[in-house]
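**Student:** Turn this into a model:
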Amino acid sequence: MSYYFERVKVNVLVLEFSLFKIRKTSTTKPSHNLSLFLSIINSLIPFYSIETIMGIIKMSQNFTTRVAPVRLFNALIIDWLNLCPKLMFSTIESIENLEGNGEAGSIVQINFTDACPMKFVKHHINELDKENLRCKFTVIEGEILGDKLESIIYEVKIGPHGSGCILKISSEYHPHDGIEIKEEDIDAGGKDLAVGICEVVEAYLMAHPKFYL
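**Tutor:** Presented below is the predicted three-dimensional model:
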């Protein structure tokens with residue numbers, strides 16, 4: 001229970017920071033920004049489940065937004081190399097393609113600022129399905145893995161939900177051979193990072209309804 005509320009608190013702070021930047025560039029009234037912030041908070045408390053199967057910890061998180069599925073996919077998945085460092089400049093210093101062009105098979109590295117406890121995360125893009133709004137990638141290097149994890153596999157699916165969409169994030173934590181892992185071995189900061197990025201992008205799109213159509 002304490003972890004749940006701590007995670008919500010972290011995500012609220014991320015949203016506050018994002019909307020501070022939005023207010024600097026937005027022409028909307030302050031009261032509208034406050035209403036927008038509160039509506040996002042109400043919609044973004046996600047469903048959360050975790051289980052261990054054959055020594056692999058599997059986690060799923062999902063939440064609904066009022067953003068159209070294609071808009072969220074285009075911003076969060078297709079253009080994330082450009083957009084995320086701009087929105088989360090206090091945490092993300094840069095994102096670079098080490099191999100490939102961002103399509104399946106590419107290797108991408110996220111470099112963090114000194115404000116983040118991690119220096120970088122490197123991942124391999126396994127699948128990028130633009131038609132079905134689905135992406136799968138594997139974290140292959142970085143402090144997020146610690147000493148026990150060999151890799152983390154993430155899958156992101158975006159689908160319609162009412163007038164907006166539902167974002168589903170599933171993750172699999174694979175330990176090194178002969179190593180047993182428990183939920184407490186998983187870095188909470190790493191778990192929150194993916195959701196935090198999604199929330200910041202969602203807030204940005206709601207404040208700029210004509211972007212990423």
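
**Student:** same for the strand or helix carrying Gln61, what does it pack against?
**Tutor:** Secondary structure from DSSP states H and E places Gln61 in strand 56-65. If you count contacts as 3 or more CB pairs under 8 Å, 6 or more residues apart in numbering; DSSP states H and E, strand 56-65 packs onto helix 30-44, strand 47-53, strand 164-175, helix 188-207. Any C-beta I mention is one placed from the backbone N, CA and C, and that applies to glycine too.

**Student:** One more pass at 6 Å, please.
**Tutor:** strand 47-53, strand 164-175 (3 or more CB pairs under 6 Å, 6 or more residues apart in numbering; DSSP states H and E).

**Student:** To Cys116, which of those strands lies closest?
**Tutor:** Of all the helices and strands packed on strand 56-65, it is strand 164-175 that lies closest to Cys116, at 18.9 Å by CB to CB.

**Student:** What are the contacting residues of that closest one?
**Tutor:** 56-62, 64-67, 69, 72, 148-159, 181, 186, 194, 198 (CB atoms under 6 Å, 6 or more residues apart in numbering).

**Student:** cool, and stretch 141-153?
**Tutor:** Outside stretch 141-153, the residues touching it (CB under 6 Å, 6+ apart) are 118, 120-122, 138-140, 171-176, 179, 181, 185, 187, 190.

**Student:** Any idea how far that stretch is from the middle of the chain?
**Tutor:** Distance, stretch centre to chain centre, for stretch 141-153: 17 Å (CA atoms, centre = their mean, to the nearest Å).

**Student:** Buried ones in it, by neighbour count?
**Tutor:** Neighbour counts over stretch 141-153 (16 or more other CB atoms under 10 Å) mark 142, 144-145, 149, 151-153 as buried.

**Student:** Just the C-alphas of it, formatted as CSV.
**Tutor:** Listed next in CSV are the C-alpha coordinates belonging to stretch 141-153 (Å, rounded to 0.1, in the frame of the first residue of the first chain):
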residue,chain,number,x,y,z
GLU,A,141,21.9,-2.4,-20.4
GLY,A,142,21.8,0.2,-17.6
GLU,A,143,21.7,0.6,-13.8
ILE,A,144,18.0,-0.3,-13.9
LEU,A,145,19.0,-3.9,-14.3
GLY,A,146,21.1,-4.0,-11.1
ASP,A,147,23.1,-7.2,-10.4
LYS,A,148,20.3,-9.7,-10.6
LEU,A,149,18.4,-8.9,-13.9
GLU,A,150,19.6,-9.8,-17.3
SER,A,151,16.9,-7.9,-19.2
ILE,A,152,13.5,-6.3,-18.9
ILE,A,153,11.0,-6.8,-21.7
